[in-house]
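Colleague: I'll drop the sequence and a predicted model, then ask my questions.
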Amino acid sequence: MDARLHLHLDSVSAFRHLRDGARTPETVAVGLLAELAGVDGLALRVDEARREQLVRDIQLLRTGTQARLALGLAPTADLVTTAFDLRPDRVTLVPDRGESSGILGGLDVHVLKDALKKHVNHLRDADVEVAVRVVPSLDQVKALHRLDARVVCLVAAGYVTARTPAERRMELSRLQDAAVLARRLGLRVAVVGGLDLRAAEALAGVAAIEEFHVGHACVARGILRGIERAVHDFRTAIERGRQRAV
């Protein structure tokens, strides 16, 4: 099964905002270089605190690159309006930054099922693909399948931050079980959550995972080696892992 690499550009936007009024680095420039280096998709999270600048970035990415564009949005009332205005290829429903789950957490599909169902239906009616970010739980995957979403984004933060081999094995098993079930239910499977080179290679050994979403680690590596080389390094790591896929 093919493995697709998606680059989240939030770290680029955040770096620019370290200096008030700065216009560089341009998110679209980094996105274009990453696309030329072989990424399959680009992603940005819509943050109300920097909404005006993010809208500009998204519009430039929409017109300046050919890679699939995904927006991370919390399931709030203005979600559909935002999606209609910006016309991404995909909307990924994610927790609000202010929630206890944090940036690397997932939505609780059981608790939010009614609101999520409404948003999924509206977005699908607008021909926007819908993904939902959840922790690697069989119950969450089953609940997501009942919403008719197309993509599940499994949060791999537990695996990435595991401190012992035993913890990593346990987290890898959770991810693999959730990914295999999702594939059986007809969902496309992505993995996200602070992936570095080691984690990307290891998780590529899970054949059911189709998409690998990287962000800060790839952008940080790009500062040292150039974004094209950083993308190449991640693609190479994923290819090595795919050779051992089960």
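Modeller: Received, thanks.
Colleague: What is the helix-or-strand element of the chain with minimal mean pLDDT packed up against?
Modeller: Across the helices and strands of the chain, mean pLDDT, DSSP states H and E gives its lowest value to helix 79-86, namely a mean of 77. Using 3 or more CB pairs under 8 Å, 6 or more residues apart in numbering; DSSP states H and E, the elements in contact with helix 79-86 are helix 51-64, strand 68-73, strand 90-93, helix 113-125. Using the backbone N, CA and C atoms, a C-beta is placed for each residue, glycine as well.
Colleague: As JSON lines, those with distance to V189, mean pLDDT and mean neighbour count would be great.
Modeller: As requested, the helices and strands packed on helix 79-86 are arranged in JSON lines below (distance: least, CB to CB, whole Å; pLDDT from 0 to 100; neighbours: other CB atoms under 10 Å):
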{"stretch": "helix 51-64", "distance to V189": "24", "mean pLDDT": "86", "mean neighbour count": "15"}
{"stretch": "strand 68-73", "distance to V189": "15", "mean pLDDT": "93", "mean neighbour count": "22"}
{"stretch": "strand 90-93", "distance to V189": "13", "mean pLDDT": "94", "mean neighbour count": "25"}
{"stretch": "helix 113-125", "distance to V189": "17", "mean pLDDT": "90", "mean neighbour count": "16"}
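Colleague: Let's have the ones you listed in CSV, adding distance to R174.
Modeller: Putting the helices and strands packed on helix 79-86 into CSV (distance: least, CB to CB, whole Å) gives the following:
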stretch, distance to R174
helix 51-64, 33
strand 68-73, 23
strand 90-93, 20
helix 113-125, 22
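Colleague: got the end-to-end distance for stretch 92-106?
Modeller: Using CA to CA, to the nearest Å, the span of stretch 92-106 from its first residue to its last is 11 Å.
Colleague: Also stretch 106-114?
Modeller: As for stretch 106-114, its first-to-last residue distance stands at 17 Å under the measure CA to CA.
Colleague: Residues in contact with it: which ones?
Modeller: Residues from elsewhere that reach stretch 106-114, judged by CB atoms under 8 Å, 6 or more residues apart in numbering: 75, 93-95, 101, 116, 132-135, 139-140, 143-144, 146-147, 153, 155.
Colleague: Show me the residues you listed that map onto strands.
Modeller: L93, V132, R133, V134, C153, V155 (DSSP state E).
Colleague: got the contact list for the first one?
Modeller: Neighbour list for L93: L73, A74, P75, L79, L107, L116, H119, V120, V130, A131, V132, R133 [criterion: CB under 8 Å, 6+ apart].
Colleague: As JSON lines, these with distance to G186 would be great.
Modeller: Output for the contacts of L93, formatted as JSON lines (distance: CB to CB, whole Å):
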{"residue": "L73", "distance to G186": "23"}
{"residue": "A74", "distance to G186": "26"}
{"residue": "P75", "distance to G186": "22"}
{"residue": "L79", "distance to G186": "24"}
{"residue": "L107", "distance to G186": "20"}
{"residue": "L116", "distance to G186": "18"}
{"residue": "H119", "distance to G186": "20"}
{"residue": "V120", "distance to G186": "15"}
{"residue": "V130", "distance to G186": "14"}
{"residue": "A131", "distance to G186": "14"}
{"residue": "V132", "distance to G186": "14"}
{"residue": "R133", "distance to G186": "18"}
